[in-house]
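**Student:** this one's structure only:
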Ligand SMILES: NC(=O)C1=CN([C@@H]2O[C@H](COP(=O)(O)OP(=O)(O)OC[C@H]3O[C@@H](n4cnc5c(N)ncnc54)[C@H](OP(=O)(O)O)[C@@H]3O)[C@@H](O)[C@H]2O)C=CC1
Ligand SMILES: O=C(O)C1=N[C@H](C(=O)O)C[C@H](O)C1
């Protein structure tokens, strides 16, 4: 995502790529960010997070939870804005983000693509209509390098459907099945994860009834939609003092 974000910033006429951060020891530190994407960027990659945050109005972070929280602390210290695309946070780590957003503005979303966020709205409607007699399963597929499962997007889909049905995902989620599982409990929401090759990101929510199945699917063909969405998030935060937002807020879908 780092490469996609550099490219998206350079392509956007109203955005300036102020700094590019990588962690200490990375072979890219000290080199021009443009080397990563094959076009000049005029920004030297730094491992100095304080200097990188200082140079920017808004930090866009797609790393790992521990890295994001370290960077968030610096954003908070300097009173800047932050767009967080990282997934795989624990409940405690999410609470830390919410706490930081009391003093700085944050967009935190498991999927920045406009299409996925449209699907989130469709799921609200589907769940309200298909509230009885339909078994709900969330199926997602991603590339072999993805380290968290289920994806943040799949979990958000589960949360949305559970909320509409008055269920608590904490207690009704089933993550994979094996062996003699017994018949399906109709109150559960199942998750299945596929990892392989270069799949950018596919998500399906299946509502399986008697005599019919409804599938709501989104397929990403490129990561550019995530990067462009993140820039929309950054623009949305311009001029805001604090608050925790997601892409539903950014896109006016609340
Ligand atoms: N919200 C959305 O729309 C999307 C979210 N994502 C999420 O974004 C995250 C990143 O995905 P992706 O780009 O594919 O992952 P990559 O593994 O390709 O990149 C992660 C980058 O973060 C760096 N990093 C990891 N830990 C730290 C740290 N502690 N401090 C500083 N840098 C760190 C890594 O550095 P190094 O190589 O040195 O380890 C690497 O450069 C994932 O959580 C993914 O799920 C991805 C796409 C879309
Ligand atoms: O790691 C990825 O690639 C992606 N991660 C996000 C997630 O966990 O939902 C968003 C997208 O699916 C790509």
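**Tutor:** Yes, it's here. Bear in mind that the values here come from a model prediction, so they are computed numbers and not experimental data. Numbers count the residues shown, from 1 in each chain. Ligands and ions are numbered 1, 2, ... in the order given.
**Student:** so what's residue 232 scoring on pLDDT?
**Tutor:** According to the prediction, residue 232 has pLDDT 98.
**Student:** ah, wrong one, I meant residue 99
**Tutor:** pLDDT, residue 99: 98.
**Student:** So which elements touch the helix or strand that contains it?
**Tutor:** Counting by DSSP states H and E, the secondary-structure element that holds residue 99 is helix 91-100. Here helix 91-100 is seen to pack against helix 65-78, strand 105-108 when contacts are counted using 3 or more Cβ pairs under 8 Å, 6 or more residues apart in numbering; DSSP states H and E. Placement of C-beta: from N, CA and C, glycine included.
**Student:** got the phi/psi numbers for residue 32?
**Tutor:** Torsion angles at residue 32 (phi, psi; degrees, to the nearest 10) stand at phi -70, psi 130.
**Student:** Bridging across strands, which residues link to it?
**Tutor:** Beta-bridge pairing of residue 32, defined through DSSP bridges, involves residue 44.
**Student:** dump the residue contacts of it.
**Tutor:** Contact criterion Cβ atoms under 8 Å, 6 or more residues apart in numbering gives 40, 41, 42, 43, 44, 45 as the residues in contact with residue 32.
**Student:** from the protein, which residue is nearest to ligand 1?
**Tutor:** Per Cβ to the nearest ligand atom, residue 67 is where the chain lies closest to ligand 1, at 2.5 Å.
**Student:** Check what pLDDT that residue gets.
**Tutor:** According to the per-residue confidence, residue 67 scores 97 in pLDDT.
**Student:** near ligand 1, which residues of the chain?
**Tutor:** The interface of the chain toward ligand 1, taken as Cβ under 6 Å from any ligand atom, is made up of 1-2, 23, 26, 62-64, 66-67, 85-88, 109-112, 148, 152, 226.
**Student:** which of those residues are close to ligand 2?
**Tutor:** Intersecting these with the contacts of ligand 2 gives 87, 110, 111, 152 (criterion: Cβ under 6 Å from any ligand atom).
**Student:** Which parts of this structure are strands?
**Tutor:** 20-21, 45-46, 58-61, 81-84, 105-108, 135-142, 173-175, 189-195, 201-208, 213-220, 243-245 (DSSP state E).
**Student:** how about CSV for those strands, with distance to ligand 2 added?
**Tutor:** Listed next are those as CSV, based on distance: least, Cβ to the nearest ligand atom, whole Å:
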stretch, distance to ligand 2
strand 20-21, 19
strand 45-46, 22
strand 58-61, 13
strand 81-84, 12
strand 105-108, 13
strand 135-142, 5
strand 173-175, 14
strand 189-195, 10
strand 201-208, 3
strand 213-220, 7
strand 243-245, 17
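**Student:** before we move on, back to that, of all the helices and strands packed on helix 91-100, which one is nearest residue 161?
**Tutor:** Evaluated with Cβ to Cβ, the helices and strands packed on helix 91-100 place strand 105-108 nearest to residue 161, the distance being 20.2 Å.
**Student:** ok, the closest one: who's next to it in the sheet?
**Tutor:** Applying DSSP bridges, strand 105-108 is found paired with strand 81-84 (parallel), strand 243-245 (parallel).
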